[in-house]
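Asker: After the sequence you'll find the predicted model.
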2 protein chains.
Amino acid sequence: MTDPAADLVVTNASQVLTMVPASAGEHPGLGIVLEGAVAARAGRVLWVGPASNAGSVPALDSTVWIDARGGVVTPGLIDPHTHAVFAGSRHEEYEARLAGRPYLEILAAGGGILSTVRATRAASDRELVELTRARLDRMLALGVTTAELKSGYGLGVEAELRLLRIAREAGAAHPIRVVTTLLGAHALPDEHRHDRAGYVRLVIDEMIPEAARQGLADACDVYLERAAFSLDEARAILLAARKAGLGTKLHAGQFNDLGGGELAAELGALSADHLEELGDEGLRAMVAAGVVGVLLPGAALSLRGRFPDARRLLDAGLRVALATDCNPGTSHTENLPLMATLAVSQMGMTIDEALVGVTASAARALGLDDAGAIAPGHRADLTVWDVPDFRCLVYHFGVPHAARVIAGGRVVWPS
Amino acid sequence: MTDPAADLVVTNASQVLTMVPASAGEHPGLGIVLEGAVAARAGRVLWVGPASNAGSVPALDSTVWIDARGGVVTPGLIDPHTHAVFAGSRHEEYEARLAGRPYLEILAAGGGILSTVRATRAASDRELVELTRARLDRMLALGVTTAELKSGYGLGVEAELRLLRIAREAGAAHPIRVVTTLLGAHALPDEHRHDRAGYVRLVIDEMIPEAARQGLADACDVYLERAAFSLDEARAILLAARKAGLGTKLHAGQFNDLGGGELAAELGALSADHLEELGDEGLRAMVAAGVVGVLLPGAALSLRGRFPDARRLLDAGLRVALATDCNPGTSHTENLPLMATLAVSQMGMTIDEALVGVTASAARALGLDDAGAIAPGHRADLTVWDVPDFRCLVYHFGVPHAARVIAGGRVVWPS
């Protein structure tokens, strides 16, 4: 019996960033193979190493050869926090906020998140699937192969399950691997504005068990914030999610530190996201428990607020991922590489840390152990970039650099 | 004799932003025609108005009809400040600066602008034309139809003329209209480091007259800054440029206010660019003289410095344009729409002001009176955007929205 043959080989890369940390050398966190190649079979990585050794990997007549033309190869990027299942546009609200109109006044006038809830509820399934796919298309063209999609604009049992179903359906017909998160506790729906406890019970007693039973959600999230849900409510909801077998995560510290770091640690959550405000206690607890901090530079930019202090978090030992937070209210973008540029220019991260943040650490934030790195057995999700050096992905910003995107061992972009 | 017939009609636009200020209504600065259409003939705009009246414009069997599909039509964007003729990459320097290494130390180690001068001098004409064209391609895909290209990495008479020739050649074979600027006084070349006066004389006595005589430059620029050229040197150079019939402009106030605003006003310059630092005197002088302020958000982002206070400048009555500053040292991007997003989120501009800044005011900064607006007689440079509302061009950021780009009355992108 011989070694399995490769059905896909990417060769002629000036640098392959495996994201498997090396013990020595420059940029050890990136596990760089110079003049590298990657071989895959049946959608999984078979081998990665110097192109000069690629001849040792058996190939077939039918093997697909991809010439990276001296560019850079990384794992397909992973966007671990998006709200990309929605209808409607909030450009008028964005303009009003720029003019200094307070968000609470916008909310009172029927704007804000509840306006997206109305537009999303009013849209047909088909419209929502198409809108979501268009967003996935934009992500793919920017080198992303895995994206988390949250529900959260339904705010009712059937409405939230519907959005999860739409996320699954959009993902099923798309090269991007979609990971779904139930965010029933995103905001208090209008119908329950005088009955918080009743809505939280609905999330716990019906939404979570049904989402789990129907296999619609991979994880459950709560928006912990003064204007949203309390620490006790978040704990109760996430305990129920854990009991139902879902991963847990929460929006924590966007405007106020309400103890989200500590709660994430207590629950063994996958991640706590935002962290513009995070005290030392919460930070230490997250580090000790191995919770990933998912930072969202696009939200800070759009809200003209404080950027999270990534340097402080990293120096304390926190594993940090980056996400677009793609949503119509506070971060309308699908550009994950741009988040890396904002992270290095505004948040004190190094280029290496930012690139780990959109690959290996992003995978960890989603509980995926077969993505975010180029290693035997991992999914063959690879992006070939038309840049001479990996640092150009961050340094040469705002323009698309992906030359080829490979997902599950197949070239999926350009299609 | 009948009215001339249109050879191109763009119709079915939810909004046409003519950029011809209206006397009333919402967003008067944008001159919006709702449910609009544009007709062109022989590369010039013939008519713009409500689509329902487009039937009054004579058409031919050969007329090209473009369906904007409910999207937005604007003048093709204009990038009025780029250094896009260069070879080499400075990603290592970018990384070193992120790590806190001072720019002066980088310069002393052979990095900084002089490293780009070395790489550019060493590159062949053909390489430089191809690199420049690739940058123009990226601009075009983002909706740009006019770009200024500066020389400035030659720093010798023949070397600077060569870069202007390359800019012209790259533009001649490209749909983007290229406007060239001689920036011989970008930095003091190594060869003259003990002879500043000699280099300034070279610029005045040889570079400017030759560039003008050969028709290679539309304008002349000087980098006025402590680490570059003084106020007196800038004045002498720009007076010579004016005498030679070139437009004048200068880099002013990036790090220090050395009186660039006052000088630009005194000379009747087209623009003063950067303006992170600009005193009230200089500001008032620019306003009175009608000098355009060209702001460069990408440089502030990349240098992690102070963003220019556009609000203050606009409130004083200054006409403000935005540019990418595309260059390998301090703003490596071709994404002009992203500059508009940075301007509203970090510099206090409104969406309307930002869009005027990348069209009508950018044209003014280049001395063009037939671009930056959709009006009869103007060049038919139009971008059709796949967004439901013009505000989405800024609000939905970091992703390409151009659906069709028309330059000189022809659809040039996608090609």
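Answerer: Received it, and whenever you're ready, just let me know what you need.

Asker: The lowest-mean-pLDDT helix or strand in chain A and chain B, are they touching?
Answerer: Least confident helix or strand, chain A: helix A:103-108 with a mean of 79, by mean pLDDT, DSSP states H and E. No. Helix A:103-108 stays clear of chain B (Cβ under 8 Å from any Cβ of the partner chain), getting no nearer than 14.2 Å. (C-beta placed from N, C-alpha, C; glycine too.)

Asker: what separates that helix from the chain centre, distance-wise?
Answerer: Chain-centre distance of helix A:103-108: 28 Å, with Cα atoms, centre = their mean, to the nearest Å.

Asker: gap between the helix or strand just after it and the chain center?
Answerer: Reading on from helix A:103-108 to the C-terminus, the next helix or strand found by DSSP states H and E is helix A:113-122. The chain centroid and the centroid of helix A:113-122 are separated by 23 Å under Cα atoms, centre = their mean.

Asker: Next: stretch A:367-376.
Answerer: With Cα atoms, centre = their mean as the basis, stretch A:367-376 stands 14 Å off its chain's centre.

Asker: Then stretch A:393-413?
Answerer: Offset of stretch A:393-413 from its chain centre (Cα atoms, centre = their mean): 16 Å.

Asker: So which bits of it are buried?
Answerer: For stretch A:393-413, burial by neighbour count (16 or more other Cβ atoms under 10 Å in any protein chain shown) applies to A:393-409, A:411-413.

Asker: can you check stretch A:306-317 too?
Answerer: Quick answer for stretch A:306-317 (16+ other Cβ under 10 Å): A:F307, A:P308, A:D309, A:A310, A:L313, A:L314.

Asker: and chain B, which of those residues reach it?
Answerer: Counting by Cβ under 8 Å from any Cβ, no member of the buried residues of stretch A:306-317 reaches chain B.

Asker: Can you give the domain ranges for chain A?
Answerer: Here the domain parsing of chain A from automatic domain parsing is A:6-75+A:372-413, A:77-365.

Asker: want to throw the ones you listed into JSON lines with distance to B:N327?
Answerer: JSON lines is the format used below for the domains of chain A (distance: least, Cβ to Cβ, whole Å):
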{"stretch": "domain A:6-75+A:372-413", "distance to B:N327": "11"}
{"stretch": "domain A:77-365", "distance to B:N327": "16"}
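
Asker: Most tightly packed of these?
Answerer: Of these, the one with the most neighbours on average (mean count of other Cβ atoms under 10 Å in any protein chain shown) is domain A:77-365, at a mean of 22.

Asker: now it, how far from the centre of its chain.
Answerer: Taking the mean of its C-alpha atoms, domain A:77-365 sits 9 Å from the chain's own mean (Cα atoms, centre = their mean).

Asker: Would you mind listing what in the stretch 251-400 of chain A touches chain B?
Answerer: So far as Cβ under 8 Å from any Cβ goes, the stretch 251-400 of chain A lies against chain B at A:298, A:301-302, A:304, A:332-335, A:338, A:341, A:344-346, A:350-351, A:388-389, A:391-392, A:394-400.

Asker: Filter the residues you listed down to just the ones in helices.
Answerer: Judged by DSSP state H, those include A:G298, A:L301, A:S302, A:L338, A:T341, A:V344, A:S345, A:Q346, A:I351, A:C392, A:V394, A:Y395 as members of helices.

Asker: pLDDT value on the residue lying closest to the fifth one once chain neighbours are set aside, please?
Answerer: Taking Cβ to Cβ, 6 or more residues apart in numbering or on different chains, and ignoring the residues beside it in sequence, A:T341 has A:F397 as its nearest neighbour in space, at 4.0 Å. Model confidence at A:F397, given as pLDDT, is 98.

Asker: where does the residue of the stretch 101-250 of chain A found nearest chain B land in three-state SS?
Answerer: As assessed by Cβ to the nearest Cβ, chain B sits closest to A:R138 within the stretch 101-250 of chain A, at 5.1 Å. Look at A:R138: counting by DSSP: H, G, I helix; E, B strand; the rest coil, its state is helix.

Asker: what sits against it?
Answerer: By Cβ atoms under 8 Å, 6 or more residues apart in numbering or on different chains, the contact list for A:R138 reads A:E334, B:V399.

Asker: cool, A:L131 as well?
Answerer: Contact partners of A:L131, counting by Cβ under 8 Å, 6+ apart, are A:V85, A:F86, A:A87, A:A123.

Asker: rerun at 7 Å
Answerer: A:A87 (Cβ atoms under 7 Å, 6 or more residues apart in numbering or on different chains).

Asker: got the angle between the host helix or strand of it and helix A:113-122?
Answerer: Using DSSP H and E, A:L131 falls within helix A:125-141. For helix A:125-141 against helix A:113-122, the angle by axes from the mean of the first three to the mean of the last three Cα atoms, to 10 degrees is 120 degrees.

Asker: Partner strands of the helix or strand following helix A:125-141 and their direction?
Answerer: Next along the chain after helix A:125-141, taking DSSP H and E as the criterion, comes strand A:144-150. Sheet pairing of strand A:144-150 (DSSP bridges) gives strand A:77-79 (parallel), strand A:177-185 (parallel).

Asker: As CSV, these with mean pLDDT would be great.
Answerer: Supplementary listing: the strands paired with strand A:144-150 in CSV, determined by pLDDT from 0 to 100:
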stretch, mean pLDDT
strand A:77-79, 99
strand A:177-185, 98
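
Asker: B:G290: which of the ones you listed is closest?
Answerer: Nearest to B:G290, of all the strands paired with strand A:144-150, is strand A:77-79, at 46.1 Å by Cβ to Cβ.

Asker: continuing past the closest one, what's the next helix or strand?
Answerer: Toward the C-terminus, strand A:77-79 is succeeded by helix A:91-98 as the next helix or strand (DSSP H and E).

Asker: near chain B, anything from that next one?
Answerer: Yes. Helix A:91-98 is in contact with chain B by Cβ under 7 Å from any Cβ of the partner chain, via A:H91, A:Y94, A:E95, A:L98.

Asker: how about a markdown table for the residues you listed, with distance to A:A272 and pLDDT added?
Answerer: Below are the residues of helix A:91-98 next to chain B laid out as a markdown table (distance: Cβ to Cβ, whole Å; pLDDT from 0 to 100):
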| residue | distance to A:A272 | pLDDT |
| --- | --- | --- |
| A:H91 | 30 | 97 |
| A:Y94 | 26 | 96 |
| A:E95 | 31 | 96 |
| A:L98 | 29 | 94 |
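
Asker: Minimum distance to chain B, which residue of the stretch 151-300 of chain A gives it?
Answerer: Taking Cβ to the nearest Cβ as the measure, the stretch 151-300 of chain A has A:G298 as its residue closest to chain B, at 7.8 Å.
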